[in-house]
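1. any chance you could fold what I've pasted below:
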Amino acid sequence: MTIRRALRAPGRADAPAAPPVAPPGRRRLAELVGSWRAALRIARRESRRTRRRTVLVLAMIALPVLVLAFLAASYDMAELTPQERIDRRLGVADAELRWLADTPIGQDEWGDTWYSREGDHASGRRLATASEVTALLRPGSRVTEVRAPLPLAVHGPERDENVQGRVLDLTDPLARGLVRFRAGRAPLQPGEVAVSPAALRRLDLRLGGAVATADGTRAYTVVGVVEFPDNLGPVVALHPAAVPRTDPEPSSTWLVDVPGSVDAALVSRLNERGVLVTPRHPSGPAAQPSRRWPGLIGPADAADLSTGVLIAGLGLLEVVLLVGPAFAVGVRRRRRDLALVAVAGGDAAQLRRVVLADGVVLGVLGAAAGLLLGVGAAFAGRPLIEQYVFGARFGGYRCWPSALVLLGGVAVLAGVLAALAPAWTAARQDVIAGLAGRRTPPPPRTRWLVLGLTLVIGGAALAAFGATQTSPAVILTGLILGELGLVCCTPTLIGALARLGRVLPLAPRIALRDASRNRAAAAPAICAVMAAVASSVALGGYLASNGAREARAYQPILPTGHVLVSPSESTREPAPTLAQVTTAARAQLDAEAVAPLHAAACQPAATPGGYCFVEPELPPERACPWRPGDGLSEAERRQARADPRCVVPVGDYYGSYVQTLVDDGSALPLLIGADPAETAAATAVLRAGGAVVTDRRYLHDGRVTVKVNQVESGSDGPIVTTGDVPAYALSPTVGQPSLLLSPSAARDLGLSWSPSGWVIGTPSPPDVHQQERFTAALQSLGTFSLSVEEGAAPRDNSPLLLLLAAAAGLITVGAAGIATALAAAEGRAELSTLAAVGAAPGVRRLLAICQAGIIAGLGSVLGIVAGLGTAAIVLLSVNRQYATAWPVREPYPFLVPWPALGVLVLVPVVAMLGAGLFTRARLPIERRLD
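-> Numbers count the residues shown, from 1 in each chain. Sure, this is the predicted structure:
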């Protein structure tokens, strides 16, 4: 083997080959990747070492992700695709037909929309038969009719129940494909029905049992249990022969089975006859079903989207503030490790990456856990959600991947944002103090206080501006900025309180000192409590004020407790007599008096297609000259507000409606609720042949002008006749504006009258059960609707206010517990020192109580002040806008939500008691080597 050496010049030594030099950009990228890889490895190791803190952070990040993932997956499964909707409507049929008109129509491929080809309106369609529909199809086709759902009142075990009736022939395979049989068989004759499982439970039925209608005219035998996928509520499937057909039949559809496929030629031929076709598989390039993902919105929903994004931002801020203390405590426990990284050459950016990597790792783990648990819970709880929330079966198993990716990204962002402030703190720490294990809290910076105050003032101004523009998105933006400002101001406030704590006893003094020294952990916890309480109080204040405003602007239609009974159009003749209604009212409603009502009508009656209405005429000199739609300038609005003619109820600005009745004085006391002396005087006028009005503006020279407007079919305008009637005007009373004509006055005006209902006087508003019993007593006489006047009671927002307070209280207790536990873990050395100098065991428990009280108490106080201030700003701004508006609007009163405040005041006490209960009183004794 021959070895050849390379020749070299004499006198020159061998020089090592220079390593290849990477470009500067690639070298910086490699350093960045390597730095993040090392930081992530450190974060993973740290998460394993501090398991309790890791579990705590994961729970706080994963819990909201779990809830939102559950909602997203459930909503996505509930949102059917076009093909799933078609399969549910058609069952095993090839198409669904709806005979809409006798004129040609056009439609889209899926049959969702249609239009008339001959003008704006299609001519009506008479009742079709199965033979007529079959004649339009190919030879060998089969059809079955599915009628529109109808309301059905049946006897229940305790009271009458309203269920949905479905009329279809379940013995036909085409209709049978629409249901799922659970037990029994299909109804074969008019006296048999199949019921849904929900109806089986509500009506306490079983196979072979009987169910009767509420009026007692029909009874059915239950022969089957079926489920309609589109309605899991109480449904009764009736045989077609059990329900008489009407002409025209509303919304009746036909399921068809045709030889071959439903092609474009068949659809076009059916459209020419006025038939709308919904095929199972539309033809044509535009007929491909597109997946309609939930959450896709149009321009009209942009405001709702912005509001939802801001609410989600508030939730993200809560998570960041709750998780932040855990990262802050973790940084302090690792200050020696971080100092070693700095000694080994790590710069400030690398130290920040080490802490931020904790947020990335825990955010990814929390997102993964929340998404898996949320989707798994949605899949596992699907039957319950279908039955009790949506009331319908879902489509396929889906989980809305785009939403889950967004949720995962937000969870990681929450982890990074929570670790951001501790990361900046770690990068500024003193390396020598970190190696020695000493605490060196950074001095408070004035710029953060200035920034916080600026954000508070700017946020309040922005919320006020949003209130004047009635923009929820702007209001929420102002609230978020204000809360961020308070977050910036909180560390300074903690420091000021710590200086005042020198005069306090030992335990609260130590608690305030620890909060001041550990502001990076205490401030976020206090701010989380403050944000939750402020949101709850602000929303509670608005709800309380809005409820009082609605109660003040409420205009009753009857005296309190009285009942108006109106027959429906389907009530059969003859109408019930006054004696029959009176008997039922006294037996079921404890009625004191009952009077019939008669509506004024034209005589002779208007021609078919025409109508007639009677109203009092307001004298021109008393009418308000300003109208809401006139586009008034600011000066004109001021004049309108100062005009005494325009001081009228709000509804009158838009054209008041005055009901005109014919009465001899029997219904007047029950309708008006006036003073007995005035009622007697008005009754005397009616019996003398005059009229009574409830608005003095219509009275002139002791008379009222009655205008009769009769509109004939095809005429260009109404035929107007007027007449003056002696009248009496009542003082302002309850009840809607009314004109009561005596029978003789109505005849003089050429009017007739017809029964329109009854008014019942009761000592107190009847409850729901009394109303149901009264309606059941009249069931054999027809169908009636009841209007009960319950008075101008303010809306009861107590349940919602208590729910908001409970949510804020839960966050308060959780934040206080987390901060107290972290402070106890951080201050273990101080507790050992207290034990060494002879402190009593109860000192530790008292210290925990004080630490929880500082977090919960200070946060609640700040939140209540911020919430009441926010509500006051919003309401004041809206009222200032209303002060110059036309028409005049009822202002918002400023009310304190006392139920919510009562709960929130007790929450700090609960947090303190919980801290004292779950804290061990025994002080630890540890060996100190330093």
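2. spit out the contact partners of the residue nearest to residue 657 when sequence neighbours are not counted.
-> Spatially, and ignoring its direct neighbours in sequence, residue 657 is nearest to residue 737 (7.1 Å; Cβ to Cβ, 6 or more residues apart in numbering). For glycine as for every other residue, the C-beta is placed from the backbone atoms N, C-alpha and C. Residues near residue 737 by Cβ atoms under 8 Å, 6 or more residues apart in numbering: 656-659, 694-695.
3. for these, which one is nearest residue 758?
-> residue 659 (14.8 Å; Cβ to Cβ).
4. can you count the residues close to that closest one?
-> 19 (other Cβ atoms under 10 Å).
5. repeat for residue 85
-> Neighbour tally, residue 85, other Cβ under 10 Å: 18.
6. just confirm it is within a strand.
-> No: counting by DSSP: H, G, I helix; E, B strand; the rest coil, one finds residue 85 to be helix, located in no strand.
7. tell me, how many neighbours does residue 883 end up with?
-> Using other Cβ under 10 Å, the number of residues around residue 883 comes to 11.
8. wait, residue 223 touches residue 207, no?
-> Yes: using Cβ atoms under 8 Å, residue 223 makes contact with residue 207 at a distance of 7.1 Å.
9. and for those two, which residues touch both?
-> Common neighbours of residue 223 and residue 207 (criterion: Cβ under 8 Å, 6+ apart): residue 184.
10. looking at these two, which one has more neighbours?
-> Each of residue 223 and residue 207 has its neighbours counted (other Cβ under 10 Å); residue 223 has more, 23 against 15.
11. next, the more buried one: secondary structure please.
-> Per three-state DSSP, the secondary structure class of residue 223 is strand.
12. again with residue 115
-> strand.
13. beta partners of it?
-> Note on residue 115: beta-bridge partners by DSSP bridges are residue 106.
14. that one: neighbour count?
-> 10.
15. just to check, it is in contact with residue 105?
-> Yes: when contacts are counted by Cβ under 8 Å, residue 115 is listed as touching residue 105 (6.6 Å).
16. the strands in the stretch 351-500 of the chain, which residues?
-> With DSSP state E, counting those that start in this stretch, there are no strands along the stretch 351-500 of the chain.
17. now the helices: where do they sit in it?
-> For the stretch 351-500 of the chain, applying DSSP state H, counting those that start in this stretch gives helices covering 382-385, 401-427, 431-436, 446-468, 472-500.
18. quick one: which of these is nearest residue 586?
-> The minimum distance between residue 586 and the helices of the stretch 351-500 of the chain falls on helix 382-385, with 45.8 Å, by Cβ to Cβ.
19. ok now the closest one, how far from the chain's centre?
-> Helix 382-385 sits 21 Å away from the centroid of its parent chain (Cα atoms, centre = their mean, to the nearest Å).
20. using PDB, write down the CA coordinates of that helix.
-> The C-alpha trace of helix 382-385 is given here as PDB (Å, rounded to 0.1, in the frame of the first residue of the first chain):
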ATOM      1  CA  ARG A 382     -75.000  13.700  23.900                       C
ATOM      2  CA  PRO A 383     -78.300  11.900  24.700                       C
ATOM      3  CA  LEU A 384     -79.000  14.100  27.700                       C
ATOM      4  CA  ILE A 385     -78.200  17.300  25.700                       C
END
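21. neighbours of the residue lying closest to residue 393 once chain neighbours are set aside, how many?
-> Nearest residue to residue 393 in three dimensions, chain neighbours excluded: residue 229, at 4.0 Å (Cβ to Cβ, 6+ apart). By other Cβ under 10 Å, 18 other residues sit near residue 229.
22. how close does residue 229 sit to residue 252?
-> 20 Å (Cβ to Cβ, to the nearest Å).
23. what about the contacts of residue 737, which are in helices?
-> Among the contacts of residue 737, no member is found in helices (DSSP state H).
24. among those residues, who's most crowded?
-> Neighbour max across these (other Cβ under 10 Å) = residue 694, 24 neighbours.
25. sorry, back to before: the helices of the stretch 351-500 of the chain: which one's closest to residue 181?
-> Nearest to residue 181, of all the helices of the stretch 351-500 of the chain, is helix 382-385, at 18.0 Å by Cβ to Cβ.
26. ok, residues contacting that closest one?
-> The contact list for helix 382-385 (Cβ under 8 Å, 6+ apart) reads 74, 77-78, 378, 394, 397.
27. apply 7 Å and report the result again.
-> Helix 382-385 has contacts (Cβ atoms under 7 Å, 6 or more residues apart in numbering) with 74, 77, 394.
28. now the helix or strand where the first one lies, how far from the centre of its chain.
-> In this structure, residue 74 sits in helix 51-78 according to DSSP states H and E. Put simply, helix 51-78 sits 21 Å off its chain's centre (Cα atoms, centre = their mean).
29. same for that helix, what does it pack against?
-> When contacts are defined as 3 or more Cβ pairs under 7 Å, 6 or more residues apart in numbering; DSSP states H and E, helix 51-78 packs onto helix 302-333, helix 348-380, helix 401-427.
30. now do it and helix 401-427, the angle between them.
-> Angle of helix 51-78 versus helix 401-427, following axes from the mean of the first three to the mean of the last three Cα atoms, to 10 degrees, is 160 degrees.
31. give me the mean pLDDT for stretch 458-476.
-> Stretch 458-476 shows a mean pLDDT of 74.
32. end-to-end on it?
-> The first and final residues of stretch 458-476 sit 13 Å from each other (Cα to Cα, to the nearest Å).
33. one more: stretch 162-171?
-> End-to-end for stretch 162-171, by Cα to Cα: 26 Å.
34. how far off centre is that stretch?
-> Counting by Cα atoms, centre = their mean, stretch 162-171 comes out at 32 Å from the chain centroid.
35. what does it contact?
-> Applying Cβ under 7 Å, 6+ apart, the set of residues contacting stretch 162-171 is 144, 146-147, 149-154, 175-176, 179, 186-188, 194, 199, 228, 231, 233-240, 243.
36. do that again at 8 Å, thanks
-> Outside stretch 162-171, the residues that reach it (Cβ under 8 Å, 6+ apart) are 144-147, 149-154, 175-176, 178-179, 186-188, 194, 199, 202-203, 224, 226, 228, 231, 233-240, 242-243.
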